[in-house]
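sequence and predicted structure, then a few things I'm wondering about:
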Amino acid sequence: MSESAKPNRKLLEHQAKTAEYVRTDWIVMPEAGTKLAEMEDPAYWANVAKKMRPFDRIEVRFADGRLWAELLVTVVEPFSVMVHTLRKVELAARLSEADFAVPAGYDVMNRGRSGWAVVRLSDKMVLREGEKTREAAILWLRSHLMHLGKMPTAA
């Protein structure tokens, strides 16, 4: 074959597969306060390593709604997974930093599948749950307190 001749390659049928057949797309929702840097530590994935394969993709939905990321699984070992961050998106905050302060006497916490909840600290009473974001729970609490005639103050 001369140097100017191009190889006559064609993709073979067995070299093309649907993505669902070769990789798994995961969506993970880490506990509140988790940082992306923690997720880049292979040991972070110890509990799910046996389910993952190289080239799987992981969509990360952070509890506070401020960051979204996509990771690529590069190496899988029995109790660790190495990932590469393909992209991360900082989502615009809907409230100013001052508005993130939880009024004194209350707490806002993530309750997993139940969503974000507002708790009155004096009696541990859950006033509201099911909010999709921490910000939404705080907005609900501030609105609730204003309706009761109590001006919220920062904790």
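It's in.

helices or strands up against the longest helix anywhere in the chain?
Assignment by DSSP state H gives helix 134-147 as the longest helix of the chain. Applying 3 or more C-beta pairs under 8 Å, 6 or more residues apart in numbering; DSSP states H and E, we find helix 134-147 packed against strand 106-110, strand 116-120, strand 125-131. C-beta coordinates here come from the backbone N, C-alpha and C atoms, glycine included.

what's the spacing between the first one and its chain's center?
For strand 106-110, the distance from its own C-alpha centre to the chain's C-alpha centre is 18 Å (C-alpha atoms, centre = their mean, to the nearest Å).

now do the buried residues in that strand.
Across strand 106-110, burial judged by 16 or more other C-beta atoms under 10 Å covers Y106, V108, N110.

the chain: strands as residue ranges?
25-28, 57-61, 67-77, 80-90, 106-110, 116-120, 125-131 (DSSP state E).

which one of those lies closest to E40?
strand 80-90 (6.2 Å; C-beta to C-beta).

averaged pLDDT, that closest one. What do you get?
Strand 80-90 shows a mean pLDDT of 95.

next, the buried residues of that strand.
Buried residues in strand 80-90 (16+ other C-beta under 10 Å): V81, M82, V83.

okay, domains of the protein per the record?
If you go by automatic domain parsing, the domain ranges for the chain are 22-90, 97-147.

now the weakest link among those, please, by mean pLDDT.
Among the domains of the chain, domain 97-147 scores lowest, with a mean of 87.

how far does that one sit from its chain's centre?
Distance, stretch centre to chain centre, for domain 97-147: 20 Å (C-alpha atoms, centre = their mean).

of the buried residues of strand 106-110, closest to T24?
N110 (25.5 Å).

what sits against that closest one?
E31, A32, A63, W116, A117, R134 (C-beta atoms under 8 Å, 6 or more residues apart in numbering).

could you redo the last one with a cut-off of 6 Å?
A32, A63, W116 (C-beta atoms under 6 Å, 6 or more residues apart in numbering).
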